[in-house]
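1. I need the structure of the sequence given here:
(4 chains, ligands or ions: 2)
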2 protein chains.
Amino acid sequence: MQKSSRVSEAVIRRLPKYYRYLKDMQKSGVERISSKELSKKMGLTASQIRQDFNCFGGFGQQGYGYHVSELCDEIRKILGLDKEYNVIIAGAGNLGQALANYVGFEKEGFNIRAMFDVNPRLVGLSIRGVQILDIDSMGDYIVNNEIQVGIVCVPKAKAQEVTDEMVKRGIKSIWNFAPVDVEIPENVAVENVHLSDTLYTLSYKMNED
Amino acid sequence: MQKSSRVSEAVIRRLPKYYRYLKDMQKSGVERISSKELSKKMGLTASQIRQDFNCFGGFGQQGYGYHVSELCDEIRKILGLDKEYNVIIAGAGNLGQALANYVGFEKEGFNIRAMFDVNPRLVGLSIRGVQILDIDSMGDYIVNNEIQVGIVCVPKAKAQEVTDEMVKRGIKSIWNFAPVDVEIPENVAVENVHLSDTLYTLSYKMNED
DNA sequence: TATATATCGTTAAAAAAATAACAATAATTC
DNA sequence: GAATTATTGTTATTTTTTTAACGATATATA
Ligand SMILES: NC(=O)c1ccc[n+]([C@@H]2O[C@H](COP(=O)([O-])OP(=O)(O)OC[C@H]3O[C@@H](n4cnc5c(N)ncnc54)[C@H](O)[C@@H]3O)[C@@H](O)[C@H]2O)c1
Ligand SMILES: NC(=O)c1ccc[n+]([C@@H]2O[C@H](COP(=O)([O-])OP(=O)(O)OC[C@H]3O[C@@H](n4cnc5c(N)ncnc54)[C@H](O)[C@@H]3O)[C@@H](O)[C@H]2O)c1
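-> Numbering: from 1, shown residues only, chains lettered A, B, ... in the order given. Ligands and ions are numbered 1, 2, ... in the order given. Just a heads-up that it's a prediction; the model follows:
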């Protein structure tokens, strides 16, 4: 993996999509694929695919194409999915619980260790073996359990506050679902998901022309 | 609103973000804003903001800036959020229930009329007054209740099948949460959300350099 | 009312991204 | 083992997107 700092955001955003398709192909026993075939499946150009992969060194063979499982492994590594992460969820409401119940994240190394909430009715319960703890204990928990990833599922008004506490205690990345762009210092990564945005885009498309 | 077909995807994807910020400002009583001020808040350039708005005609006044609530209303209209929609959810599991419980969608006109599932334990239950019906009745329900929007929350393997049924019965847009790009005919709109993708991007960022 | 100031809408320039072209090279065929 | 074919990695071109520049115009001020 080469100097990643100058790989464009556009390329990075496509990596998970490549990973998704390659994993599927690998699962169904496909051993090799050319950029041309892949371009048809994914709705991209072959040129773009080759150029994307070459940002990271190029994993193909001329005259042959790409080994699916090899390429898949490389992209997994590039995305950092070859590692294990300790994760917590702040906000054990509808969305927090849905995420906690989803097994897909653990399959890629994101292990949810605990959830946190203010609601005393929720504190003490467990979701798939993951305990819901009092939000006041979150800070210490992060430090004592080497949590790297924080998922924010609290109401909008509390999202920044909860994020700040996570960052203060050393969390390295924030996956935020509250409909606000939370602010973080430079050395912390953040993804503000904004589910509604995609619904509104859909609405636009549905109404256009 | 002018010929929308040639407004670039990049601009369209920014519209919900503008809407989010403008709604917040409107709520907190801000009456006017210049492209410069807005650019600071949103982390964009003033130039881009002005050019984006001008794709739809330009809603500002020289020497003054933009009326927040006027601009907000315009963007709401552009996004089609001034209308009401009938919505159904296929798959009343973790995510389907979380979405059904969220009030934010109805506030923008997306009214969830029913949910559908194969699981007999779920059929008959209600979420916030929304009934879970048998998936076999979905087709007729769509036709009889003028459903425009279908939310797909079934497992990956069933997503295309469910989508096909929705489309066949006349649904005009698909909001898909299964980790697969569902195929639709040209006259139907689709947003494949891919929640995990953003987690993987986050993972990449967290590990870079 | 005239002048100065602010800020838009629009056109121009720069930067980034996507696509196309092609030489290099591995695999396959004869 | 030479010739042919397939397909990459890479460089060049085109297109799209972003940013900058600036004239036009409304507001505010004197
Ligand atoms: N559910 C959805 O489909 C959906 C869709 C789009 C966006 N969102 C956003 O995701 C976030 C969570 O949504 P939800 O539907 O799960 O809401 P929810 O109300 O069901 O859950 C929020 C939870 O956060 C807890 N909470 C409140 N303040 C807290 C604090 N300071 N610290 C810790 N916990 C606190 C509440 O007790 C509650 O359990 C919200 O910001 C919402 O806007 C949700
Ligand atoms: N929960 C999450 O956090 C999360 C995250 C990323 C992606 N997803 C995706 O969203 C989808 C739903 O996830 P979930 O966690 O709610 O899963 P889930 O298993 O909790 O719910 C799926 C529901 O679909 C129903 N179902 C199965 N086949 C059906 C069919 N043919 N017709 C109608 N209903 C059917 C099941 O009975 C179940 O109730 C999945 O594709 C999942 O991969 C979920």
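2. report the longest helix in chain A, please.
-> Taking DSSP state H as the criterion, chain A has its longest helix at helix A:9-27.
3. any bit of it sitting next to chain B?
-> Yes: Helix A:9-27 comes into contact with chain B (C-beta under 8 Å from any C-beta of the partner chain), by way of A:12-13, A:15-17, A:19-20. From N, CA and C alone the C-beta is placed, and that goes for glycine too.
4. Partner strands of the longest strand along chain A and their direction?
-> With DSSP state E applied, the strand covering the greatest number of residues in chain A is identified as strand A:110-117. Taking DSSP bridges as the criterion, strand A:110-117 sits next to strand A:85-90 (parallel), strand A:130-134 (parallel) in its sheet.
5. could I get the ones you listed as CSV with mean pLDDT?
-> Compiled in CSV, the strands paired with strand A:110-117 are given as follows (pLDDT from 0 to 100):
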stretch, mean pLDDT
strand A:85-90, 98
strand A:130-134, 98
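6. Pass me the low-pLDDT residue ranges in chain A, would you?
-> Scanning chain A with the threshold set as pLDDT under 70 gives A:1-5.
7. hang on, the earlier thing: show residues contacting the longest strand of chain A.
-> Where contact means C-beta atoms under 8 Å, 6 or more residues apart in numbering or on different chains, the residues beyond strand A:110-117 that reach it are A:84-93, A:96, A:99-100, A:105-106, A:123, A:127, A:130-135, A:137-138, A:141, A:145, A:147, A:149, B:199, B:203.
8. now those: which count as buried?
-> With neighbours counted by 16 or more other C-beta atoms under 10 Å in any protein chain shown, the contacts of strand A:110-117 contain buried members at A:85-93, A:96, A:99-100, A:105, A:123, A:127, A:130, A:132-133, A:135, A:138, A:141, A:147, A:149, B:199, B:203.
9. Can you spell out the domain ranges of chain A, please?
-> Partitioning chain A according to automatic domain parsing yields domains covering residues A:9-78, A:85-197.
10. From the chain's centroid, how far away is the last one?
-> Once both centres are worked out by C-alpha atoms, centre = their mean, to the nearest Å, domain A:85-197 turns out to sit 13 Å from its chain's centre.
11. How about the first one?
-> Mean C-alpha position of domain A:9-78 versus that of the full chain (C-alpha atoms, centre = their mean) differs by 19 Å.
12. then stretch A:139-158 to PDB, C-alphas only?
-> Coordinates of each C-alpha in stretch A:139-158 appear next as PDB, following Å, rounded to 0.1, in the frame of the first residue of the first chain:
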ATOM      1  CA  GLY A 139     -15.600   8.000  29.300                       C
ATOM      2  CA  ASP A 140     -13.900   5.500  31.700                       C
ATOM      3  CA  TYR A 141     -15.100   2.600  29.700                       C
ATOM      4  CA  ILE A 142     -13.400   3.900  26.500                       C
ATOM      5  CA  VAL A 143     -10.100   4.300  28.300                       C
ATOM      6  CA  ASN A 144     -10.200   1.000  30.100                       C
ATOM      7  CA  ASN A 145     -11.300  -1.100  27.100                       C
ATOM      8  CA  GLU A 146      -9.200   0.500  24.300                       C
ATOM      9  CA  ILE A 147     -12.200   1.600  22.300                       C
ATOM     10  CA  GLN A 148     -11.300   2.900  18.900                       C
ATOM     11  CA  VAL A 149     -14.600   3.500  17.200                       C
ATOM     12  CA  GLY A 150     -17.600   5.400  18.600                       C
ATOM     13  CA  ILE A 151     -21.100   5.100  17.000                       C
ATOM     14  CA  VAL A 152     -23.300   8.100  17.800                       C
ATOM     15  CA  CYS A 153     -27.100   7.300  17.900                       C
ATOM     16  CA  VAL A 154     -28.300  10.000  20.200                       C
ATOM     17  CA  PRO A 155     -30.700  12.800  19.400                       C
ATOM     18  CA  LYS A 156     -29.300  15.600  17.300                       C
ATOM     19  CA  ALA A 157     -29.100  18.000  20.200                       C
ATOM     20  CA  LYS A 158     -26.800  15.700  22.200                       C
END
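13. That stretch: which residues count as buried?
-> Buried residues in stretch A:139-158, defined by neighbour count with 16+ other C-beta under 10 Å: A:141-142, A:147-154, A:158.
14. Smallest distance to DNA strand C belongs to which residue of chain A?
-> When scored by C-beta to the nearest atom of the strand, chain A has residue A:63 as its residue closest to DNA strand C, at 2.4 Å.
15. Next, that residue: phi, psi?
-> phi 80, psi -10 (degrees, to the nearest 10).
16. hmm, the longest strand of chain A touching ligand 1?
-> Yes: counting by C-beta under 6 Å from any ligand atom, ligand 1 is contacted by strand A:110-117 at A:116-117.
17. Who does the next helix or strand after that strand pair with, and is each partner parallel or antiparallel?
-> Using DSSP states H and E, the next helix or strand after strand A:110-117 towards the C-terminus is strand A:126-127. Take DSSP bridges as the rule and strand A:126-127 pairs in its sheet with strand A:130-134 (antiparallel).
18. Quick one: residues in contact with the very next helix or strand once past the strand it pairs with.
-> Reading on from strand A:130-134 to the C-terminus, the next helix or strand found by DSSP H and E is helix A:138-144. If you take C-beta under 8 Å, 6+ apart as the criterion, helix A:138-144 is touched by A:88, A:90, A:113-114, A:116, A:133, A:147, A:150, A:162, A:165-166, A:168-171.
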